[in-house]
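Chemist: When you get a sec, could you give me coordinates for this:
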Amino acid sequence: MSHSPVPGERVAVYDVSDRLDTDYYEVFADVAGDDRAVWDRAKGFVDEVLPRMDGLWDRGEYDLDLARRMGELDLFNDGLVHDGLGYSSPLAAGLVNMEISRGDGSLGTILAVQGGLALRSVALFGSDEQKARWLRLIARGEVLAAFALTEPDHGSDSVSLETGARREGDEWVLNGVKKWIGNGSSGGLSIVWARVLDPSDPDHDGKVRGFLIPQETAGYDGRPILGKASLRAIHQAHIRLTDVRVPTDAVLPGTHSFKDASTVLHSTRSGVAWSALGHAAACYEAALAYSQQRVQFGKPLARFQMVQERLTQMLDDLTAMQLYCRQMADLETAGELRPTQASLAKYHNTRAARRIASVARDLLGGNGILLQNRVMQHMADIEAIHTYEGTESVQALLIGRDITGQSAFV
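Modeler: Presented below is the predicted three-dimensional model:
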């Protein structure tokens, strides 16, 4: 898609890029101190790199320096206390997620993969030696890291993963295929979740564990998935593991079953809710700015009753999303956030973000499909976050099981 006008064409340019910091209920008005400081760093980062993102998204290019810059700014902290690393509260971590996704969805996914999935996996389940070796490198963006769980035939039912790890002397040998793995072809480190095939170890035979695999390891082949229509400025990889050999201490010792992988996913679902909020805020603010600049039938769109009603509908959804996120952060800070509460926030916020993006795109008319006006890009990226970390249907079943006491899973 070209951003250049047709020769001789008179082009109206609309400035819809200003961040309005919409907060109608003053949900975040009391954010101060260290939380405000890290939020401001995220805003500064977005201002710094946003002019480059349309081109990267359009060309489907992943600039690894973006992740490294986020690490330099200490933006990957995930709301947990980690020895030797800076601390961001759950609220600050959420605001960073919101702000970066407000700028660009690919940036938000970099944050989710590097900080929410990879950093947290090593922090929760790694040995002291593994933490000493990898945590700071991941947190600083000096090593890009991947969370390799999903497989071509196992997405929502990733519990049934087929990638296997067997013991041979003082090595683990892994074989299998992974798909949709962010940072899986970045040349860094992959946390590969595999099923142990070791009858001599009855405690773990058949159980799922996590393995730290440097991507330069022989037999590891990670290639970017092409033809994506969203999150185009980050590469998700298709990975083939063919007799990949790693030492016995490559296993994350704190992992003993699929529940450990689920623990990481449950923790990061709150991040998806924050990310959806960022996308939705960008769409709403673009629509509001456009309505005040675009003149039709002799007056700005903002003076039409139907447009004001649509803006109010979007603000209604956006404010509810903010309230979900703030309460979720407060519960997490108190150590009281339950997995299904994070699921409900993800369920609500990605659905609401889709509604807001759809209305915003329609309000911008034909100009809504131009990348320079940003709404279409956010709309496409929302489709991806609506699916990952558990689809809408999976979230509904998790919540349904919690409120009824009855499992509808197979």
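
Chemist: Which is the succeeding secondary structure element to the helix or strand Ala276 falls within?
Modeler: Per DSSP states H and E: Ala276 is located in helix 258-293. Counting by DSSP H and E, the element after helix 258-293 in chain order, helix or strand, is strand 295-296.

Chemist: same for that following strand, what does it pack against?
Modeler: When contacts are defined as 3 or more Cβ pairs under 8 Å, 6 or more residues apart in numbering; DSSP states H and E, strand 295-296 packs onto no helix or strand at all. For glycine as for every other residue, the C-beta is placed from the backbone atoms N, C-alpha and C.

Chemist: Each with direction, which strands does it pair with?
Modeler: strand 299-300 (antiparallel) (DSSP bridges).

Chemist: what angle do the following helix or strand past the strand it pairs with and helix 258-293 make?
Modeler: Later in the chain than strand 299-300, the nearest helix or strand by DSSP H and E is helix 305-333. Here helix 305-333 runs at an angle of 150 degrees relative to helix 258-293 (axes from the mean of the first three to the mean of the last three Cα atoms, to 10 degrees).

Chemist: Buried residues in helix 305-333, which are they?
Modeler: Within helix 305-333, the residues scored as buried using 16 or more other Cβ atoms under 10 Å are 307, 310-311, 314-315, 317-319, 321-322, 324-326, 328-329, 331-332.

Chemist: Report the mean per-residue pLDDT for it.
Modeler: Helix 305-333 comes out with an average pLDDT of 97.

Chemist: What's the first helix or strand after that helix?
Modeler: According to DSSP H and E, the helix or strand after helix 305-333 is helix 339-363.

Chemist: Keeping just the C-alphas, turn the following helix or strand past that following helix into PDB.
Modeler: Counting by DSSP H and E, the element after helix 339-363 in chain order, helix or strand, is helix 375-387. The C-alpha trace of helix 375-387 is given here as PDB (Å, rounded to 0.1, in the frame of the first residue of the first chain):
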ATOM      1  CA  VAL A 375      -7.400   3.000  12.700                       C
ATOM      2  CA  MET A 376      -7.300   0.200  10.100                       C
ATOM      3  CA  GLN A 377      -3.900  -1.000  11.400                       C
ATOM      4  CA  HIS A 378      -5.200  -1.100  15.000                       C
ATOM      5  CA  MET A 379      -8.400  -2.900  13.800                       C
ATOM      6  CA  ALA A 380      -6.300  -5.600  12.100                       C
ATOM      7  CA  ASP A 381      -4.000  -6.000  15.100                       C
ATOM      8  CA  ILE A 382      -7.000  -6.300  17.500                       C
ATOM      9  CA  GLU A 383      -8.100  -9.400  15.600                       C
ATOM     10  CA  ALA A 384      -4.800 -11.000  16.600                       C
ATOM     11  CA  ILE A 385      -4.900 -10.200  20.300                       C
ATOM     12  CA  HIS A 386      -8.600 -11.200  20.400                       C
ATOM     13  CA  THR A 387      -7.300 -14.700  19.600                       C
END
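
Chemist: What residues of helix 375-387 count as buried?
Modeler: 375-387.

Chemist: go on, stretch 244-264?
Modeler: For stretch 244-264, by 16+ other Cβ under 10 Å, it's 244, 246, 250-252, 254-256, 258, 260-264.

Chemist: List just the nearest of those residues to Phe28.
Modeler: Using Cβ to Cβ, Val264 comes nearest to Phe28 of the buried residues of stretch 244-264, at 26.5 Å.

Chemist: Let me see the backbone angles for the residue of the chain positioned farthest from its centre.
Modeler: For the chain, the largest distance from the centre (Cα atoms, centre = their mean) belongs to Gly298, which lies 42.4 Å off. The phi/psi pair for Gly298 (degrees, to the nearest 10) reads phi 80, psi 10.

Chemist: What spatial separation is found between it and Leu197?
Modeler: 73 Å (Cβ to Cβ, to the nearest Å).

Chemist: Then Ala384?
Modeler: Distance from Ala384 to Leu197, by Cβ to Cβ: 33 Å.

Chemist: rewinding a little: go through the buried residues of stretch 244-264 and name the one nearest Leu95.
Modeler: Among these, and counting by Cβ to Cβ, the member closest to Leu95 is Val264, at 21.1 Å.

Chemist: ok so, going back, closest one to Lys207 out of the buried residues of stretch 244-264, please.
Modeler: Closest to Lys207, out of all of the buried residues of stretch 244-264 and judged by Cβ to Cβ, is His256, at 6.2 Å.

Chemist: For that closest one, which non-adjacent residue is closest in space?
Modeler: Once flanking residues are discounted, His256 sits nearest to Lys207: 6.2 Å by Cβ to Cβ, 6 or more residues apart in numbering.

Chemist: measure the one you found to Ala261 for me?
Modeler: Distance from Lys207 to Ala261, by Cβ to Cβ: 11 Å.

Chemist: where exactly do the strands run in the stretch 101-250 of the chain?
Modeler: Listed in chain order, the strands of the stretch 101-250 of the chain (DSSP state E, counting those that start in this stretch) span 145-148, 164-168, 171-182, 189-196, 208-214, 220-224, 236-247.
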